[in-house]
Structures are given as structure tokens and as C-alpha cells.
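Engineer: Make a model of this:
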Amino acid sequence: MSDKILFGFHAVTVRLKTAPESIIEIHVEASRRDARMRTFVERVKAAGAKLVDSDDDRLIRLAGSPRHQGVVARVKALATVNSLDDVLDAVSGPALVLVLDGVTDPHNLGACLRVADGAGAHAVVAPKDHAVGLNATVAKVASGAAETVPYLMVTNLARSLNELKERDIQVIGTAEDAELTIYDVDLTGPVALVLGAEGAGLRALTRKTCDLLVRIPMAGAVESLNVSVASGVCLYEALRQRRPAKPVGLTVTA
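Structural biologist: Numbering: from 1, shown residues only. Below you'll find the predicted structure:
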């Protein structure tokens, strides 16, 4: 497996927690010794990872970005899940999958992965020819979620959606002109939520392949949401519906 670069506190901290043995070395900005950096350095030492003091120029070269936060790690690539079938075969309970059709911006993808991790999605799926791949910028924005949520790029998205339907996973797409809203549908069963890029929306074949189309109600002047925000609305509505109901309120005693 080839080496890869992670940068930013969150992305590197998650790798420290989940796979410290895969870390080759961690570079930190030698001139930065604030409380956050001191805590991070202590965590690195506790994990037994190699620590290298570096200047800002070296960190920028390693990260390929000035937004490294003073932390850059060189790590071994982790073994990846080979297929969506592998992911779904390991799922217990109703599957929750996020499908992104046409998301090419690494910041949007990173934010979508972070939301997917937070909502407990089992995988994020995208087409190989209309999507951004995993890179250091995605990993940094994802704040570690690029390490925890399987990101699967498929050759034919429509075929993959049909394969999900064969598994009795309902495929629900989002469209501004849909009659139903995300709050009108039952998301407690196995479901794949399909979102397109802001503005362009779902491609025609993707839209046609969906079982159902829903929209996010917009009460203000703007007509649409950023795809990562829309992903959060949809995934967390699924999470809300799946949580067991709890009594709310105070118990009054005489």
C-alpha cells in the first residue's frame, strides 16, 4: 500500500485513535506551542508515534495546502472496503446509505462524509466519472470521517441503485419540484438517500431510477441548500425517526 498525507488536528487525531500503528511520522509546527498543540503532542507521544518538528514551509509542501493547522502526518493507506456488497453484508439493522450524484468539490465531499459519520450512515456512494476522489483536502474537511465512513466510487450509478433496490433498500432522491417533503416519508427502514450537486441536481437517469422523490422545504428566499447541508437535513431526519421515543417533560408529584 502507498503512503498518504493527512493534515489538520481532527483528521490526524482520528488516525491516532483508530490506527496508530499505521502512522509513519507526524510533523508539527515547531514554533506553535499553544494549549491545543501541547495536548496534541502529548497524545502523539502517548501513542508512540514518531514526532518531527517542522517549519511552516515544510508543512505546506507536505500538505499541499497552507491550511494544515500546524499538523501533517505521513501514514500508510488503510485497507479499504472493496464493494458496496461487502459493506451491506456487514450491516445489522436497517441500512442507511448516502448517494452523491455529481459532487466534485472536495470541501463539499469532506463535509458530507463528516455528516454521514455523525448520522451513522453505513456508506457514501458516488459515480467514478462525476465525483471527486478522496484526497488530503477531503480528509481535512471530513475531520476524520474519511477514515471511518466507506466511500465507494462505482462505475455505473444507476446500476448500483438498482442493486440496492434488489436488497429491498428504498432509493429516495431529492428534487426541488417533488411533491413530498423529507418529513413526509418513513425513513425507519433500509434507505438510500440520493442527492445531487447544488444547482444541477440529480442527473436524469439517476432521478428516473429512484423509487421516490422528496424535497427539503424552504421557508426563506434562497431556493436551495449546499449539498452537505442538505445531506445533514436528510440523514439526521432518518436518525431522528430511528431513535426510540423517550418521554419528555417533568414528573409532577403532589
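
Engineer: Can you list the low-confidence ranges for the stretch 151-254 of the chain?
Structural biologist: Residue ranges of the stretch 151-254 of the chain with pLDDT under 70: 247-254.

Engineer: all strands in it, in order from the N-terminus.
Structural biologist: 151-154, 170-174, 180-181, 191-196, 212-215 (DSSP state E, counting those that start in this stretch).

Engineer: May I see the ones you listed organised as JSON lines, with mean neighbour count added?
Structural biologist: For the C-beta atoms, the positions are set from N, CA and C on the backbone; glycine is no exception. JSON lines is the format used below for the strands of the stretch 151-254 of the chain (neighbours: other CB atoms under 10 Å):
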{"stretch": "strand 151-154", "mean neighbour count": "20"}
{"stretch": "strand 170-174", "mean neighbour count": "23"}
{"stretch": "strand 180-181", "mean neighbour count": "12"}
{"stretch": "strand 191-196", "mean neighbour count": "26"}
{"stretch": "strand 212-215", "mean neighbour count": "18"}
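
Engineer: can you put the ones you listed in JSON lines and add distance to R33?
Structural biologist: Formatted as JSON lines, the strands of the stretch 151-254 of the chain follow (distance: least, CB to CB, whole Å):
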{"stretch": "strand 151-154", "distance to R33": "35"}
{"stretch": "strand 170-174", "distance to R33": "46"}
{"stretch": "strand 180-181", "distance to R33": "50"}
{"stretch": "strand 191-196", "distance to R33": "42"}
{"stretch": "strand 212-215", "distance to R33": "50"}
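
Engineer: Which neighbours in the sheet does the helix or strand H27 falls within have, and how are they oriented?
Structural biologist: Assigned by DSSP states H and E, H27 belongs to strand 23-29. Strands that pair with strand 23-29, judged by DSSP bridges, come out as strand 51-54 (parallel), strand 71-76 (antiparallel).

Engineer: out of those, deepest packed?
Structural biologist: strand 71-76 (a mean of 23; mean count of other CB atoms under 10 Å).

Engineer: if we look at the longest helix anywhere in the chain, which residues are touching it?
Structural biologist: Selection of the longest helix in the chain by residue count, based on DSSP state H, yields helix 227-242. If you take CB atoms under 8 Å, 6 or more residues apart in numbering as the criterion, helix 227-242 is touched by 94, 96, 98, 100, 103, 108, 111-112, 114-116, 118-121, 174, 182-183, 186-188, 191, 193, 195-198, 216, 224-225.

Engineer: distance between it and the chain's centre?
Structural biologist: 12 Å (CA atoms, centre = their mean, to the nearest Å).

Engineer: try stretch 140-160
Structural biologist: Offset of stretch 140-160 from its chain centre (CA atoms, centre = their mean): 7 Å.

Engineer: Could you tell me the end-to-end distance of it?
Structural biologist: The first residue of stretch 140-160 is 28 Å away from its last residue (CA to CA, to the nearest Å).
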